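J.: here is a sequence with its predicted model. Questions after.
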Amino acid sequence: MSVNKGPHSAHNSWGIWEGCDKVAPECAHCYIHRLMRRKKRQPWGKHYDNEGGIWDAPFAWQKKAARDGVCERVFVCPLGDFFHAKADKVRDRAWEVIRQCPNQVFLLITKRPSRIMSHLPPGWPDEFPNVWLGTTAGSKRSLVKMDTLRAIPIHPKAVRMVVMEPLLEDVADEVNFEGFGWVLVGGESGAGEEYRWDPNGDWKAELQKTAGRRTMKLEWVRRIKAKVEAAGASFFFKQVTSACSAAGVNALDGQLWRAVPPPPLPLPWRERPAIEDRHLYSIQQLASLDEDGHPTVGRGPEPGGDEPKLDNLSNLQAELAVIEGEITGRDGRALTKGERVKLERRRDAVIACFKSSRYERGRLLSEYRESFRKSNRIWMKAAKAIADAEGVNPRTIRRYISDYKAAASIPATVRAALNDKGVDAAKKKNRVLVERLVNLVKSEPTEPDKEQASQIVADEMMKIPVAPDLSDVSEPLDADEKLRHLIRKGIRQAVANIQRSKRLEVVKAALEEEMYMNWGQKEPVTITLTPHWTPITFDGRKLKSDDRTQEVAA
């Protein structure tokens with residue numbers, strides 16, 4: 001038994017028995033696996049009856065609630081299923097306890113609604129206004145459970161619930177909320193890799209997994225929320241997809257959505273602990289905001305896609321400013337343990353956003369480092385925690401910052417030109433290029449404009465050696481053919497970002513310089529291209545024999 005804290009949908013939890021079996025796609029990464037293992041118990045295929053004071057707990061809650069003139073919600077069997085077949089022998093005892101606690105509203109959430117009708121107690125539903133039946137439906141194939149539950153009669157003051165957690169796909173077009181008074185939605189939590197669930201995949205094979213979490217897009221939640229409101233039901237949002245359950249990620253679009261239907265007695269619900277009303281945009285949701293802070297399509301990579309990139313960093317910068325103010329605005333005194341824990345949680349949310357370019361990552365870390373400028377010791381701990389979360393050596397954090405600072409010394413126009421060519425100025429492989437650009441621009445009296453910057457970048461990129469490969473060659477080559485192929489491959493890669501009309505001129509100038517500087521020529525070399533006067537086919541088009549034929553062919 002326990003008294004629930006934080007953004008939970010119930011006041012108390014009543015674990016009279018434990019153990020379950022995986023029977024639906026939503027079960028793949030169920031949290032009871034982690035919690036049961038801590039108790040040295042097998043979570044799947046076993047059943048454990050809990051004895052002792054657990055059966056007396058509802059009477060204590062009832063006595064206190066009646067004295068205070070309130071009602072409370074009780075989550076029954078958080079580590080099991082109330083209607084599991086292995087609990088049939090002890091369920092009657094639970095029904096009798098429930099009957100005697102009218103101020104306690106018992107939430108019976110099951111993945112087996114087909115077993116409910118044949119295992120209801122005598123006097124149902126008239127004597128049980130304090131029982132809210134619920135089922136889980138986070139995928140399209142599970143929506144049929146709602147139809148089963150809808151057919152079961154309940155007390156007029158009772159409520160049917162559907163828990164769409166974890167929400168695995170967009171079900172808004174298919175779901176029907178008729179007969180349901182409470183809808184709870186949330187993303188999956190848990191350690192391991194985050195990935196998108198495939199509705200067409202083998203969900204039974206996925207049940208063998210124990211780690212990982214499946215992405216829930218915020219747009220799916222918004223569509224469900226609109227449909228819930230249209231049906232006149234109450235909407236409760238639990239959390240976004242997150243590594244840690246209810247760890248400050250329980251807001252949707254900057255607001256808490258925690259509506260609950262009224263209790264069966266003419267009494268109020270007992271007030272829950274207040275949720276912090278600051279920073280309601282969890283950092284994980286910032287990737288879902290456009291430049292004006294308005295929601296977009298949600299987060300998470302599409303199946304087979306790349307890691308999502310953070311398009312808008314202004315919200316994260318605002319969050320960093322808040323952190324800095326909280327750290328430095330304490331009259332110089334050291335942080336308490338509780339204050340540090342809170343900041344570390346926020347830091348964990350910050351590092352979750354470091355999925356952008358190395359340049360942006362270095363910039364964020366540099367700004368975060370400034371937040372600790374009054375205490376290098378605290379920063380060292382924060383840097384180590386970030387490194388551990390990122391799976392890198394702590395020295396790498398310092399390299400991120402130093403690489404960013406080196407790249408930031410390049411004028412903005414040159415940096416923009418690099419970005420246009422898909423070059424991350426802070427990456428190791430581009431360090432030589434960045435150093436050359438920095439030295440080159442320093443020698444100029446004024447900062448280059450956009451066109452000049454583009455030309456400077458193109459010229460410097462031409463000087464970077466290219467390491468071509470032979471991956472597109474299907475047949476073996478002799479030594480001379482291999483050499484020629486490497487040269488052609490290198491030229492193609494080197495001039496990929498240069499306008500077609502300028503490629504011949506660039507290659508010609510590079511060859512002249514190479515022959516003069518490195519081939520031992522004593523006089524400057526001038527290469528003359530002789531036009532060939534025979535028609536050629538280039539890129540599927542037959543070209544005329546004119547003075548530009550050799551340029552196009554090259």
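T.: Arrived safely. Numbers count the residues shown, from 1 in each chain.
J.: need the pLDDT of the closest residue to Pro25 other than its chain neighbours.
T.: Spatial nearest neighbour of Pro25, excluding adjacent residues (CB to CB, 6 or more residues apart in numbering): Trp203 at 4.1 Å. For every residue, glycine as well, the C-beta is placed using N, CA and C. Model confidence at Trp203, given as pLDDT, is 88.
J.: what residues are up against Trp203?
T.: Taking CB atoms under 8 Å, 6 or more residues apart in numbering as the criterion, Trp203 is in contact with Ala24, Pro25, Ala28, Arg141.
J.: mind putting those residues into a markdown table with secondary structure, distance to Ile401 and pLDDT?
T.: Formatted as a markdown table, the contacts of Trp203 follow (DSSP: H, G, I helix; E, B strand; the rest coil; distance: CB to CB, whole Å; pLDDT from 0 to 100):
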| residue | secondary structure | distance to Ile401 | pLDDT |
| --- | --- | --- | --- |
| Ala24 | coil | 46 | 92 |
| Pro25 | helix | 43 | 92 |
| Ala28 | coil | 39 | 89 |
| Arg141 | helix | 48 | 94 |
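J.: which of those residues tops the neighbour count?
T.: Using other CB atoms under 10 Å as the neighbour criterion, Ala28 leads the contacts of Trp203 with 24 neighbours.
J.: rewinding a little: farthest-apart pair in the contacts of Trp203, please.
T.: Ala28 and Arg141 (13.1 Å; CB to CB).
J.: what comes up buried for stretch 231-243?
T.: Residues Ala231, Ala233, Ser234, Phe235, Phe236, Phe237, Lys238, Gln239, Val240, Thr241, Ser242, Ala243 are the ones in stretch 231-243 that count as buried (16 or more other CB atoms under 10 Å).
J.: do stretch 174-186 as well
T.: Val175, Phe177, Gly179, Phe180, Gly181, Trp182, Val183, Leu184, Val185, Gly186.
J.: check contacts around Asn430.
T.: Contacts of Asn430 (CB under 8 Å, 6+ apart): Leu418, Val423, Asp424.
J.: now, which of these sits nearest Pro166?
T.: Asp424 (34.0 Å).
J.: now do the SS call for that closest one.
T.: For Asp424, the secondary-structure state derived from DSSP: H, G, I helix; E, B strand; the rest coil is coil.
J.: what's the burial count for it?
T.: 19.
J.: ok, it - contacts?
T.: Asp424 neighbours (CB under 8 Å, 6+ apart): Ser357, Arg358, Tyr359, Leu418, Asn430.
J.: now with 6 Å?
T.: Ser357, Arg358, Tyr359 (CB atoms under 6 Å, 6 or more residues apart in numbering).
J.: where does it fall, phi/psi-wise?
T.: For Asp424, the backbone dihedrals (degrees, to the nearest 10) come out as phi -90, psi 110.
J.: and for Arg258?
T.: Per degrees, to the nearest 10, the backbone of Arg258 is at phi -130, psi 40.
J.: list the buried ones in stretch 25-35?
T.: Pro25, Glu26, Cys27, Ala28, His29, Cys30, Ile32, His33, Arg34.
J.: do stretch 90-97 as well
T.: Arg91, Ala94, Trp95, Val97.
J.: which one among the contacts of Asn430 gets closest to Lys64?
T.: Among the contacts of Asn430, and counting by CB to CB, the member closest to Lys64 is Asp424, at 59.4 Å.
J.: make JSON lines out of the contacts of Trp203 and add distance to Gln452.
T.: Listed next are those as JSON lines, based on distance: CB to CB, whole Å:
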{"residue": "Ala24", "distance to Gln452": "62"}
{"residue": "Pro25", "distance to Gln452": "57"}
{"residue": "Ala28", "distance to Gln452": "56"}
{"residue": "Arg141", "distance to Gln452": "59"}
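J.: what's the average pLDDT for stretch 147-161?
T.: Mean predicted confidence for stretch 147-161 is 97.
J.: for that stretch, which outside residues touch it?
T.: Contacts of stretch 147-161 (CB under 6 Å, 6+ apart): 113-114, 116-117, 125, 128-129, 132-135, 179-182, 261, 264.
J.: give me the element Lys384 is part of.
T.: For Lys384, the host element (DSSP states H and E) is helix 376-390.
J.: check Val423 and give its pLDDT.
T.: So Val423 comes in at 81 (pLDDT).
J.: related to what we said a few turns ago, and the residue nearest to Pro25, backbone torsions?
T.: phi -70, psi -30.
J.: okay, it and Glu72: tell me how far apart.
T.: Trp203 sits 36 Å away from Glu72, going by CB to CB, to the nearest Å.
J.: now swap in Lys405 and tell me
T.: Distance from Lys405 to Glu72, by CB to CB: 55 Å.
J.: again with Glu26
T.: Counting by CB to CB, the gap from Glu26 to Glu72 is 27 Å.
J.: do a quick rundown of the helices in the stretch 1-150 of the chain.
T.: Ranges of helices in the stretch 1-150 of the chain, per DSSP state H, counting those that start in this stretch, are 32-38, 57-68, 91-99, 144-150.
J.: averaged pLDDT, the third one. What do you get?
T.: Across helix 91-99, the average pLDDT comes to 96.
J.: what angle sits between that helix and helix 57-68?
T.: 10 degrees (axes from the mean of the first three to the mean of the last three CA atoms, to 10 degrees).
J.: and which of the contacts of Trp203 is nearest to Asp170?
T.: Among these, and counting by CB to CB, the member closest to Asp170 is Arg141, at 13.5 Å.
J.: for the closest one, which non-adjacent residue is closest in space?
T.: Nearest to Arg141 is Pro25, by CB to CB, 6+ apart, at 6.7 Å.
J.: hang on, the one you found packs against Ser139?
T.: Yes. Pro25 is within contact range of Ser139, at 5.0 Å (criterion: CB atoms under 6 Å).
J.: any chance of the buried residues of stretch 231-243 in TSV, plus secondary structure?
T.: Listed next are the buried residues of stretch 231-243 as TSV, based on three-state DSSP:
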residue	secondary structure
Ala231	helix
Ala233	coil
Ser234	strand
Phe235	strand
Phe236	strand
Phe237	strand
Lys238	coil
Gln239	coil
Val240	coil
Thr241	coil
Ser242	strand
Ala243	coil
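J.: strands of this structure, start to end?
T.: In the chain, the strands defined using DSSP state E lie at 2-3, 12-14, 17-18, 48-49, 72-76, 104-110, 131-136, 160-164, 182-185, 194-195, 213-214, 234-237, 536-538, 541-543.
J.: so which of the ones you listed is nearest Ser366?
T.: strand 194-195 (26.5 Å).
J.: so what are the sheet partners of that closest one and their directions?
T.: Strand 194-195 has its sheet partners listed here by DSSP bridges as strand 213-214 (parallel).
J.: which residues are in contact with the partner strand?
T.: Leu168, Glu188, Gly190, Glu194, Trp197, Thr241.
J.: between those, which is nearest Arg399?
T.: Glu194 (25.8 Å).
J.: so what's that closest one up against?
T.: Glu194 neighbours (CB under 6 Å, 6+ apart): Arg213, Thr215.
J.: that one pairs with what?
T.: Arg213.
J.: that one and Thr241, how far apart?
T.: The value you get for Glu194 to Thr241, if CB to CB is used, is 6 Å.
J.: residues that sit against both of these two, list them.
T.: Arg213, Thr215.
J.: how about the longest helix anywhere in the chain: buried residues?
T.: Scanning the chain for the helix with the most residues, using DSSP state H, yields helix 500-518. Using 16+ other CB under 10 Å as the test for burial, helix 500-518 gives Arg503, Leu504, Val506, Val507, Lys508, Ala510.
J.: cool, stretch 52-66 as well?
T.: Trp55, Ala57, Pro58, Trp61, Gln62, Ala65, Ala66.
J.: which one is Ile224 nearest to, not counting chain neighbours?
T.: Ala172 (5.3 Å).
J.: having no further points to raise, I will conclude here.
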